[in-house]
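Engineer: what shape does this take:
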Amino acid sequence: STLWPHMWSLDSRNVLVNGKKVTTYNFQLERNLLDLGVGVLSHEMFHSLGAPDLYHYSLDEMNPVASWDLMENTTNPPQHMGAYMKYRYGHWITSIPEISNAGTYYLQPLNSSKQNSFRIASPNSSSEYYVLEYRKQQGVFEKSLHSEGLLVYRINQNSDGQGNAVVVSDEAYIYRPGGTNSSNGEPDKASFSSNSGRTAINDYSNPSSVLSDNLPGGLDLYEVGSLSDSISFKIRKPKAYTLALTSPTGGENFKINGQTNITWINTSVSDIKIELSLDSVRWQEITTVKGQSGVNQGQFLWKIPSQPTTTGKIRISDLNDASSYSLSRNFFTISTNGQLFEVEPNNTKAEATPIARGDSFEGNIDPEGEADYYKFTASAGDTIDVFAGGVNSTLRGRILILNDASILGFDDGLYNGLITNQRF
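Structural biologist: I've put the predicted structure just below:
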C-alpha cells in the first residue's frame, strides 16, 4: 500500500540518480502489471504525454466520462481515450472537423484513421462546444465497452489543460440518460443509435444538451442511425436562445401551497407568458409578465398549487411569438412532504418567508454577512428546535429567534458546515 503506479514531477526538488537530475518520472510495479494488466500503465503513460485525469479527486460519485475514456476508468485490455483527448493531448488526431451546416453526416469508429470525430459549436457559449465520436465493441481494446454507438461530449475550454480532477466545470463530459450537472445518471448507456432507441439530443431531451452553467446549449441532433461500419446522424443548425428558464428545471420536490421563484434569462423578449403543466400535456396560464425588454434576469414569485403531481413542468414563452419558449427539462414533484425553497428577497422581517412546524427548506446565505428571515406562529411555552447545516462552506452560521420587538434567543454561532440542533 506504500507504493502505487503513478506519474509525478520532481522539478521543485534536487533529486539525482547516478549524477543525473530527475524531473518527471513514471513509476510502475511489476506485481501490479501481472495482476491488473497494462490498463493502469497506459493511463499513467498518457500522463507522461501531458494528459490530465478525467475523474473527480473528490470521489463525489460523479463520473464525467466513466469507462468511455482511459483517463477516468481503465479496463484490461485498456479502452481507447476519447477523440478530444487524442486530439488535445495525444496529437494522434490532427484536427476535429467542425459542422456548421444542417444536414446528414457519417462517422467512422474512433479507431479509424479518418472521419472519426466532429465538432459542433454552441451558439450560447464562447467557451464550450460539442464533440461527436462513434464507439464500437470491436478489436483488442474496445471489446470491454458497456455499449456502442454515437457519443456526445461537452468540452469546456475554460478548464483546458486541467481535466476533470479539481475544476469547477469538467473539461470533458459525456451526455448520458438521467445525467445533469448535479446527477450522475447512467454513463454506461451514453451511446446513441437506432438499435438502443436513443436517437436524439437537444435542449429538452433526456439528457439535454445543457451547458456547464445549466443554460441551453442549442444542440439539435436527431435520427441517429443503426450500428454498422459507420453511423449516420442529422443536425439542425444550433439556435441561440431568446429565453432560458433557470428554475425550476426539474427534479425539485415542492411542498403543496408553498412558494418559489420562477427565474429565467432573457435576451430580447418584452412580454413573457408563464404556464404550468401537471401532466406534461395540458398547460394552464399562471401569469403574464410584461415590460421585460432589456431585463436580462427575470423572476416571478409562484404560489405552489394544492394539486399533487410527479410530472410537473413550467414553460415560459414570448407572448407575441409562441415559437420562442423554454421549459423545465425534467419533471418536478408537488407533494405534501415536499421541500420549501427560500424566496428572495427575504433579507428583512417584512420580507420573511412563511414556514410552519415540521417544514424543511433550502436556501443560500450569500454573500457573507447576509441575513435570511423566516416567519412562523408559536405560543407561549412552546419549545422550538431548529436544525441547520452548511454545505460546501467555511462560513459560520448563527440562528436567532425574534419577535417584533426583541431577540428571544440565539445560538452560539459556531456551527461551521455541520448540522446543529438549537433548542429555544
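Engineer: so where's the stretch 101-250 of the chain shaky on pLDDT?
Structural biologist: Within the stretch 101-250 of the chain, not a single segment meets pLDDT under 70.
Engineer: all strands of it, in order?
Structural biologist: Taking DSSP state E, counting those that start in this stretch as the test, the strands found in the stretch 101-250 of the chain are 103-107, 118-121, 128-135, 149-156, 172-174, 221-222, 231-235, 243-247.
Engineer: ok, the stretch 301-424 of the chain next?
Structural biologist: For the stretch 301-424 of the chain, the strands defined by DSSP E, counting those that start in this stretch occupy 309-318, 321-327, 332-335, 340-341, 353-354, 361-362, 374-375, 385-388, 400-402, 407-410, 420-423.
Engineer: using a markdown table, please lay out those together with mean neighbour count.
Structural biologist: All C-beta spots, glycine's among them, are computed from the backbone N, C-alpha and C. Formatted as a markdown table, the strands of the stretch 301-424 of the chain follow (neighbours: other CB atoms under 10 Å):
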| stretch | mean neighbour count |
| --- | --- |
| strand 309-318 | 20 |
| strand 321-327 | 15 |
| strand 332-335 | 19 |
| strand 340-341 | 21 |
| strand 353-354 | 18 |
| strand 361-362 | 12 |
| strand 374-375 | 14 |
| strand 385-388 | 12 |
| strand 400-402 | 15 |
| strand 407-410 | 12 |
| strand 420-423 | 14 |
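Engineer: looking at those, which is nearest to Asp160?
Structural biologist: Evaluated over these, closeness to Asp160 peaks at strand 321-327, with 29.2 Å, by CB to CB.
Engineer: angle of that closest one against strand 309-318?
Structural biologist: Relative orientation of strand 321-327 and strand 309-318, computed by axes from the mean of the first three to the mean of the last three CA atoms, to 10 degrees: 140 degrees.
Engineer: residues in contact with Trp92?
Structural biologist: Lys86 (CB atoms under 8 Å, 6 or more residues apart in numbering).
Engineer: need the pLDDT of it.
Structural biologist: pLDDT for Trp92: 96.
Engineer: if we can go back for a sec, for the strands of the stretch 301-424 of the chain, which one sits closest to Ile120?
Structural biologist: Among the strands of the stretch 301-424 of the chain, strand 321-327 sits nearest to Ile120 (CB to CB), with 20.4 Å.
Engineer: so how far is that closest one from its chain's centroid?
Structural biologist: Offset of strand 321-327 from its chain centre (CA atoms, centre = their mean, to the nearest Å): 23 Å.
Engineer: now the weakest link among the strands of the stretch 301-424 of the chain, please, by mean pLDDT.
Structural biologist: The stretch with the lowest mean pLDDT among the strands of the stretch 301-424 of the chain is strand 420-423, at a mean of 58.
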